[in-house]
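1. sharing a model prediction with you, sequence too.
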Amino acid sequence: MIKKLNSLTILFIITAVMVLLMLFTVQRPSDTSEDYSLLFPDLFEQLNNVDTIKIKSNQDEFTLYKEGEDWYIKERWNYLADFNLVKRAMIDIAEAKILERKTDNPQHHVLLGVEGDEEGGSSILVTMLSGEQKTASLIVGSERELGQTSGPRQFYVRRSNEDRAWLSEGYLNINPLMLNWIKSEVINIERERIAQVNIIQPNGDTATIVNLGKKDKFGVPEMMENTVFKYKQLGYDIAGSLFQLRMEDVQPLSDFSRGEAEVVKAEFITFDGLKVTVDTSFDDGFYYSTFRADYDQSAIKEASEDIQQLDVLKTPEQVQKEVAILNKQLAAWVYRFGGFVGTNLMRAESDIVTKANQTIPMPADLTGFGP
């Protein structure tokens, strides 16, 4: 009888547990299905149609917009934005995954940094649009510290039309400052293409460096291989001034005045006939430069074999197209550079080379009574 009772008790317990599990399953919140899914499941398919991105924070507010294949910054005189940075941000948002549900109480949003654009808030609001249609809008809040230096990171986020906050995983390092979205690379002329550089001072004094007939080897015409630069790599650095040249800031030429600052002209002449003229002045601690490109057929000269093998030289037709593109991109702007770039664009000959002392050396004193 006892054994039979025990069996019935066990059966009752098992049945009760199964009923409880069933009730738990039925009553479980339906939105847990979003855990470990994408924040915006359909965004990848819509990225090609996105033509506007608005970024707003307590530090800045600006608009990125697309024309053709390029992106521009509306509030920065419609200057070019960094295409790779914009593309990366869009993909990062599309790839962001949900890890955990968090509060849906608006009063608690501030604890996660997802309070929105209220005065003094720390969050960043990113809104993507296709025309007037909103594609995705995300509030990026505080980062959860993981103590790691690489790999995906974790952020508290909230879709702007929802109260629910989430812990997400991804690379949502959205920069809130407009200046950091500017395309910082001004021009990119390979050092190997450079045959000659002339730096012309306001009084007409000119310092010239030339390629010595070998890749990355430069000197001044008077001394050639015997050139002694102020430091060993100086000729190399000057010739490479236009290689992946990055600015600190930009402004329209129409709004700019050099005042009474003197202008130094630097001419970069390539083996294939490209001539880039850079006018630079120093004012109030900064270097300001403008650029102009020309095609000079008379400047074409044969490069050394090791340079020709690099496939960096262009045909006359390619150079002429390059000139048109460079002038279209650069002619309307003034660029601000740091000291290393600015100094090399303005160097006088005495700042470039060290000349041997021409005085006759005195014989060594062997008497022991000399100074």
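-> Structure's in. What do you need?
2. can you point me to the longest strand in the protein?
-> strand 133-144 (DSSP state E).
3. partner strands of the following helix or strand past that strand and their direction?
-> Per DSSP states H and E, the first helix or strand lying C-terminal to strand 133-144 is strand 153-159. In the sheet, strand 153-159 lines up against strand 133-144 (antiparallel), strand 166-170 (antiparallel) (DSSP bridges).
4. out of these, deepest packed?
-> Using mean count of other CB atoms under 10 Å, the stretch among the strands paired with strand 153-159 with the largest mean neighbour count is strand 166-170, at a mean of 22. Yep, even glycine has a C-beta here, placed from its N, CA and C like the rest.
5. what count of nearby residues applies to residue 84?
-> Residues lying near residue 84 (other CB atoms under 10 Å) number 10.
6. sec struct for it, please.
-> Three-state call for residue 84 (DSSP: H, G, I helix; E, B strand; the rest coil): helix.
7. and the gap between it and residue 190?
-> 20 Å (CB to CB, to the nearest Å).
8. check which helix or strand residue 318 maps to.
-> Going by DSSP H and E, residue 318 is in helix 316-330.
9. now do the buried residues in that helix.
-> 319, 320, 322, 323, 326, 330 (16 or more other CB atoms under 10 Å).
10. closest one to residue 291 out of the residues you listed, please.
-> residue 330 (4.2 Å; CB to CB).
11. OK, contacts around the closest one?
-> Residues in contact with residue 330 (CB atoms under 8 Å, 6 or more residues apart in numbering) are 186, 187, 290, 291, 292, 293.
12. the same query, at a cut-off of 10 Å, please.
-> Contacts for residue 330 were tallied using CB atoms under 10 Å, 6 or more residues apart in numbering; they are 186, 187, 253, 276, 278, 289, 290, 291, 292, 293.
13. in this model residue 290 seems to touch the fifth one, though I could be wrong.
-> Yes: the pair residue 278 / residue 290 is scored as a contact, 7.3 Å apart, by CB atoms under 10 Å.
14. and the contacts of residue 330 as TSV, adding pLDDT, secondary structure and distance to residue 224?
-> Formatted as TSV, the contacts of residue 330 follow (pLDDT from 0 to 100; DSSP: H, G, I helix; E, B strand; the rest coil; distance: CB to CB, whole Å):
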residue	pLDDT	secondary structure	distance to residue 224
186	97	strand	31
187	98	strand	28
253	97	helix	38
276	98	strand	24
278	98	strand	25
289	98	strand	29
290	98	strand	32
291	98	strand	29
292	98	strand	29
293	98	strand	28
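15. for ChimeraX, write a command that selects the buried ones of the residues you listed.
-> Buried subset of the contacts of residue 330, written as a ChimeraX selection, criterion 16+ other CB under 10 Å:
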select :186,187,276,278,289,290,291,293
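16. how many neighbours does residue 109 have?
-> Residues near residue 109, counting by other CB under 10 Å: 23.
17. for it, what are phi and psi?
-> Phi and psi for residue 109, reported as degrees, to the nearest 10, are phi -60, psi -40.
18. measure it to residue 39 for me?
-> 16 Å.
19. same question for residue 55.
-> From residue 55 to residue 39 the distance is 17 Å (CB to CB).
20. just residue 209 next, same as before
-> Counting by CB to CB - residue 209 and residue 39 are separated by 54 Å.
21. which one of the two is surrounded by more residues?
-> Between residue 209 and residue 39, residue 209 has the larger neighbour count (other CB under 10 Å), namely 25 against 22.
22. quick one: residue 108 is in a strand?
-> No: applying three-state DSSP, one finds residue 108 to be helix, outside a strand.
23. and it, how far from residue 141?
-> Counting by CB to CB, the gap from residue 108 to residue 141 is 12 Å.
24. buried sites along stretch 192-199?
-> For stretch 192-199, a neighbour-count test (16+ other CB under 10 Å) marks 192, 193, 194, 195, 196, 197, 198, 199 as buried.
25. could you point out which element follows the one helix or strand the last one maps to?
-> Read it as residue 199. Element membership for residue 199 (DSSP H and E) is strand 194-200. Once the chain leaves strand 194-200, the next helix or strand it forms, by DSSP H and E, is strand 206-211.
26. partners of that next one in the sheet?
-> Assessed with DSSP bridges, strand 206-211 is paired to strand 194-200 (antiparallel), strand 218-219 (antiparallel).
27. can I get the first one in PDB, CA atoms only?
-> As requested, the backbone C-alpha atoms of strand 194-200 are provided in PDB (Å, rounded to 0.1, in the frame of the first residue of the first chain):
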ATOM      1  CA  ILE A 194      58.400  63.100 -57.800                       C
ATOM      2  CA  ALA A 195      61.300  64.100 -60.000                       C
ATOM      3  CA  GLN A 196      61.800  67.600 -58.600                       C
ATOM      4  CA  VAL A 197      60.600  70.000 -55.800                       C
ATOM      5  CA  ASN A 198      61.100  73.700 -55.900                       C
ATOM      6  CA  ILE A 199      60.400  75.800 -52.800                       C
ATOM      7  CA  ILE A 200      60.300  79.500 -53.700                       C
END
